[in-house]
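> coordinates only, sequence not included:
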């Protein structure tokens, strides 16, 4: 594929996929170390009805309404979990399971009943992402990268995920020390006067921000692979936090690039003319990387 084909059709989806994978992997490292990895799954389920409700109210899939909708859904989820736990007198895990499945089902039903023909927002998009359609139609080749007119036609999702990634990276750098201390020893962090509850809540909020930003790329289900697989693979390679975070970014990039390429060209190697879901293949590559790390990672024995 030459530049005249690659730049308009594949460059921006590939970049968005890479940025989304990194944005999820960064907070995923700390969720994993805190044994809260499934919070990423919970967030991906909870934000769906909030995003759909924000679209129905505002008629747009802009970043701010989506984030506000996701935040509202998260508040509703917390209230539901607490109410079910108290009045139903069941364990928190069961209350969380009921809440997440209920809200996710509500989001799917809202999508089914809504008119979303004017935007890329439907059940398939919500579940599996819409990465392939995030193309740059105004581009004509590599020269478009320095053409102001062509750059004006870049998909807005690219700027959204790039901005969110910069925010997440900046927050992790700014709060690295308290976040690392509270992650490994919450009791010691409390004795130092660190607000451990606020730090934990902030990590969840950042994870929700990443999930919402990655919504266009990988949907609300496959995003869980982005949160767990690259950090888990990195954890099996090293016992140093800084190295783990760096490795998780590298693994996220490898999964995104290989997944995108194999989704488009892999089926041709087996005689098929149909491509497969790019988000699904990215998640598959993330799982393959994790499996290889589990088999050959030098730190796998200590991690276990």
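Structure's in. What do you need? What you see is a predicted model; the values in this text were computed from it and never measured.
> low pLDDT regions in this structure?
Applying pLDDT under 70 to the chain flags residues 1-2, 40-41, 59-64, 92, 114-128, 216-217, 220-221, 300-304.
> so in it, which helix runs the longest?
Across the chain, the longest stretch assigned as helix under DSSP state H is helix 241-269.
> downstream neighbour of it in the secondary structure list?
Once helix 241-269 ends, the next helix or strand along the chain (criterion: DSSP states H and E) is helix 278-296.
> next, the angle from that following helix to helix 241-269.
If you take axes from the mean of the first three to the mean of the last three CA atoms, to 10 degrees, helix 278-296 sits at 120 degrees to helix 241-269.
> could I get the buried residue list for helix 278-296?
278-290, 293 (16 or more other CB atoms under 10 Å). From N, CA and C alone the C-beta is placed, and that goes for glycine too.
> now swap in stretch 155-165 and tell me
Under 16+ other CB under 10 Å, the buried positions of stretch 155-165 are 155, 157-158, 160-161, 164-165.
> and stretch 186-206, by the same measure?
Neighbour-count burial for stretch 186-206 flags 189, 194, 196, 199-200, 202-206 (criterion: 16+ other CB under 10 Å).
> show the backbone phi and psi for residue 236.
phi -80, psi -10 (degrees, to the nearest 10).
> wait, which of the buried residues of helix 278-296 is closest to residue 56?
Among the buried residues of helix 278-296, residue 279 lies closest to residue 56 (CB to CB), at 23.9 Å.
> could you measure from that closest one over to residue 253?
Applying CB to CB, to the nearest Å, the value for residue 279 to residue 253 is 15 Å.
> just checking, what packs against the longest helix of the chain?
For helix 241-269, the elements it packs on are helix 12-33, helix 223-235, helix 278-296, judged by 3 or more CB pairs under 8 Å, 6 or more residues apart in numbering; DSSP states H and E.
> tell me which of those helices lies nearest to residue 57.
Closest approach to residue 57 among those (CB to CB): helix 223-235, 23.2 Å.
> counting contacts, what elements does the closest one pack onto?
Applying 3+ CB pairs under 8 Å, 6+ apart, one finds that helix 223-235 contacts helix 12-33, helix 38-58, helix 196-213, helix 215-218, helix 241-269, helix 278-296.
> okay, how far is it across stretch 213-230, tip to tip?
18 Å (CA to CA, to the nearest Å).
> okay, the helices and strands packed on helix 223-235, which one's buried deepest?
Scoring the helices and strands packed on helix 223-235 by mean neighbour count under mean count of other CB atoms under 10 Å gives helix 215-218 as the most buried, with a mean of 28.
> what about the helices in the stretch 51-200 of the chain?
Secondary structure of the stretch 51-200 of the chain, counting by DSSP state H, counting those that start in this stretch: helices at 63-88, 92-113, 123-128, 148-151, 156-174, 176-184, 186-191, 196-213.
> now those helices in TSV, with distance to residue 35?
As requested, the helices of the stretch 51-200 of the chain are exported to TSV (distance: least, CB to CB, whole Å):
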stretch	distance to residue 35
helix 63-88	18
helix 92-113	13
helix 123-128	27
helix 148-151	44
helix 156-174	19
helix 176-184	10
helix 186-191	11
helix 196-213	12
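> out of the ones you listed, the one nearest residue 32 is which?
helix 176-184 (9.6 Å).
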